[in-house]
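1. fold the following for me, if possible:
(one chain, ligands or ions: 2)
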Amino acid sequence: MASPRLDLDGNLINPITICMIGAGGFIGSHLCEKLMSETPHKVLALDVYNDKIKHLLEPDTLPWAGRIQFHRLNIKHDSRLEGLIKIADLTINLAAICTPADYNTRPLDTIYSNFIDALPVVKYCSENNKRLIHFSTCEVYGKTIGSFLPKDSALRQDPAYYVLKEDESPCIFGSIEKQRWSYACAKQLIERLIYAEGAENGLEFTIVRPFNWIGPRMDFIPGIDGPSEGVPRVLACFSNNLLRGEPLKLVDGGQSQRTFVYIKDAIEAVLLMIENPARANGQIFNVGNPNNEVTVRQLAEMMTQVYSKVSGEAPLEKPTIDVSSKEFYGEGYDDSDKRIPDMTIINRQLGWNPKTSLWDLLESTLTYQHRTYAEAIKKAIAKPVAS
Ligand SMILES: NC(=O)c1ccc[n+]([C@@H]2O[C@H](COP(=O)([O-])OP(=O)(O)OC[C@H]3O[C@@H](n4cnc5c(N)ncnc54)[C@H](O)[C@@H]3O)[C@@H](O)[C@H]2O)c1
Ligand SMILES: O=c1ccn([C@@H]2O[C@H](COP(=O)(O)OP(=O)(O)O[C@H]3OC[C@@H](O)[C@H](O)[C@H]3O)[C@@H](O)[C@H]2O)c(=O)[nH]1
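-> Numbering: from 1, shown residues only. Ligands and ions are numbered 1, 2, ... in the order given. Got it, this is the predicted structure:
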C-alpha cells in the first residue's frame, strides 16, 4: 500500500475535489497529469477543449478512471459553473487569453477574458466559502524601474532596480495606446479584487504569478494543430521555425530578457500550494527560475543548437532574422525588458526551488516537438496548395 501523503507540517493530506477551469490548456494538462499520477485528489476539468488531456480521460481502464471528469463549457455563459464550484473544495482558475499577439490586436477579448470572465469565479468562491488559486502573471510587474535609468547608469546593475518582489515592486505599464498592457492591467485588477475579497470577506485565496513556464504541449504549431493565422508564444514560434527549416524571427533585435522555468518544476510548486493551504492562503507567489535568464537572441541561438542535436539536422547558415515589433505584432505592441523573480516568499512558505537548467529543459521540450510534429510538417510542406 502507498504510504500516506503528508503536508509540509507533517499532517495527513485528505483527498479533495478540485474544480479546474482551463484544465485543457498547457499548464492545466500538466497539473491534471500530476494530480492523477501522484495524488488521490479528484478533478472536475472545465474547458472548451480537451485535446491536451485526452490521454488522461480515455480509456476508462486508466488507473485514475473516475477521478477526472471533463466538462466542456465556456465560463462566459454557462449556468453549470456555480454548481461545479460548490461541489469542489478548491477552485483553480487558469482560463485566459494569454498570447501577446492578442493583447494589442484583440484588446477587448483580452480584457473580458482576464477580468470580466474571472469575476463570477471569484464571486462564487467568496459566497460559498471555497478556496481559490488564481493564475495571474509576471506581466503585472510590467517594465523594471531600471529600464527608465540612463543606458550607462551603474544602477542598472543593482538588483534593487530590476528584481521583481511580490510585496514591494510597483506595476509599471506603458501608455493606454500601447495596448500590449491590456492583459497585464486586467490581471492586475483581478488580483486587486481577489485580495480585497480576502481582506473584506475572508476569501481564502492564493495568487500565482508564472514567469515564462515552458515545456511540451505549450500553445500550438500554426497550420498543424492550431489556427493557421494565430501567433503563439515564443517557444512555439521558434519551434515552428526550426521544424520548417526557417530562420527564427527576432522581434526588435531580440534584446528583451526572460527567465524560463521548466513546466514540471513549476507544477511541483502548484502541488505544494494545493496541499499546504495554511502556508499558501493569502499569499501571492512568483514562480520562476532566476538562474535561467537569457536574451531572446540567446534563446534563439540555444534552441537552434539543441534542435540540431535532437533532430540530427544541421542548423541554417543564417539561423535568425530581425523583424520589427510593428511588423510582427502590429500597432500598440510594447515589451517587458527583464523579468527576474525574487524567490524569498515561495522559499519561505513552501521551500520550493526550481531544478532544471535551460539547456536540459530545451532538450526535453524540443525532443517532444520533433517527435510530435516533424512528420506532420513534412507532409504539410509537401502538399500542393489548392489553386
Ligand atoms: N505559461 C506561462 O508561462 C504563463 C505565464 C504567465 C501567466 N500564465 C497564466 O496561466 C494561465 C494558464 O496559462 P497556459 O499557459 O496554460 O495557457 P493556455 O492558453 O494553454 O490555457 C488556458 C486554457 O483556458 C481555456 N479557456 C480560456 N477561456 C475559457 C473560457 N471562457 N471558458 C473555458 N475555458 C477557457 C482555454 O481553452 C485554454 O485551454 C493563464 O491564466 C495565463 O494567463 C501562464
Ligand atoms: O517569434 C518570436 C516570438 C516572440 N519573440 C519575443 O520573445 C519574447 C517572449 O515572448 P512570449 O511570446 O513568450 O511572451 P512574453 O514573455 O512577452 O509574455 C508572456 O509571458 C507571461 C504570460 O503572462 C504570457 O503567457 C505572455 O504574456 C518577447 O520579447 C517577444 O517579443 C520573438 O522575438 N520572436
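
2. any idea of the pLDDT on the closest residue to Ile381 other than its chain neighbours?
-> Nearest residue to Ile381, sequence neighbours excluded (Cβ to Cβ, 6 or more residues apart in numbering): Arg244, at 6.9 Å. No exception for glycine: its C-beta is placed from N, CA and C like everyone else's. For Arg244, the model assigns a pLDDT of 97.

3. so does stretch 89-101 get close to ligand 2?
-> Yes - residues of stretch 89-101 contacting ligand 2 under Cβ under 6 Å from any ligand atom: Cys98, Pro100.

4. for that stretch, C-alpha coordinates in PDB please.
-> Provided in PDB are the C-alpha atoms of stretch 89-101 (Å, rounded to 0.1, in the frame of the first residue of the first chain):
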ATOM      1  CA  ASP A  89     -13.300  22.000  -2.100                       C
ATOM      2  CA  LEU A  90     -10.900  24.100  -4.200                       C
ATOM      3  CA  THR A  91     -11.200  26.100  -7.500                       C
ATOM      4  CA  ILE A  92      -8.100  26.700  -9.700                       C
ATOM      5  CA  ASN A  93      -8.700  29.300 -12.400                       C
ATOM      6  CA  LEU A  94      -6.300  29.000 -15.400                       C
ATOM      7  CA  ALA A  95      -8.700  30.300 -18.100                       C
ATOM      8  CA  ALA A  96      -7.400  33.200 -20.100                       C
ATOM      9  CA  ILE A  97      -6.400  34.700 -23.400                       C
ATOM     10  CA  CYS A  98      -2.600  34.800 -22.700                       C
ATOM     11  CA  THR A  99      -0.800  35.100 -26.000                       C
ATOM     12  CA  PRO A 100       0.900  38.500 -26.500                       C
ATOM     13  CA  ALA A 101      -0.100  38.700 -30.200                       C
END
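
5. in this protein, what residue lies closest to ligand 1?
-> Gly25 (2.0 Å; Cβ to the nearest ligand atom).

6. burial count for that residue?
-> Residues near Gly25, counting by other Cβ atoms under 10 Å, number 24.

7. enumerate every residue touching it.
-> Contacts for Gly25 were tallied using Cβ atoms under 8 Å, 6 or more residues apart in numbering; they are Asp47, Lys52, Leu94, Ala95.

8. repeat that with 10 Å
-> Counting by Cβ atoms under 10 Å, 6 or more residues apart in numbering, Gly25 makes contact with 31, 47-49, 52-53, 94-96, 98, 135, 217-219.

9. and Pro15, by the same measure?
-> Counted by Cβ under 10 Å, 6+ apart, Pro15 has contacts Arg5, Thr39, Pro40, His41, Lys42, Arg67, Asp89.

10. what of Tyr262?
-> 213-215, 268, 289, 292, 354-358, 360-362, 364-365.

11. now Arg67
-> By Cβ under 10 Å, 6+ apart, Arg67 lies in contact with Pro15, Thr17, Leu35, Met36, Thr39, Pro40, His41, Lys42, Val43, Leu56.

12. of those, which belong to strands?
-> Thr17, Lys42, Val43 (DSSP state E).

13. skipping adjacent residues, who's closest to the last one in space?
-> Spelled out, it's Val43. Ile68 (4.7 Å).

14. hmm, Ser29 and that neighbour touching each other?
-> No - in this structure, Ile68 is not within contact of Ser29 by Cβ atoms under 10 Å, at 11.4 Å.

15. find residues that contact each of these two.
-> Ala23, Ala45, Ile53, Leu56.

16. Three-state assignment for the first one, please.
-> When the structure is reduced to helix, strand and coil (DSSP: H, G, I helix; E, B strand; the rest coil), Ala23 reads as coil.

17. who are the contact partners of it?
-> Residues near Ala23 by Cβ under 10 Å, 6+ apart: 29, 31-32, 35, 43-47, 49-50, 52-53, 56, 68, 70-71, 92, 94-95.
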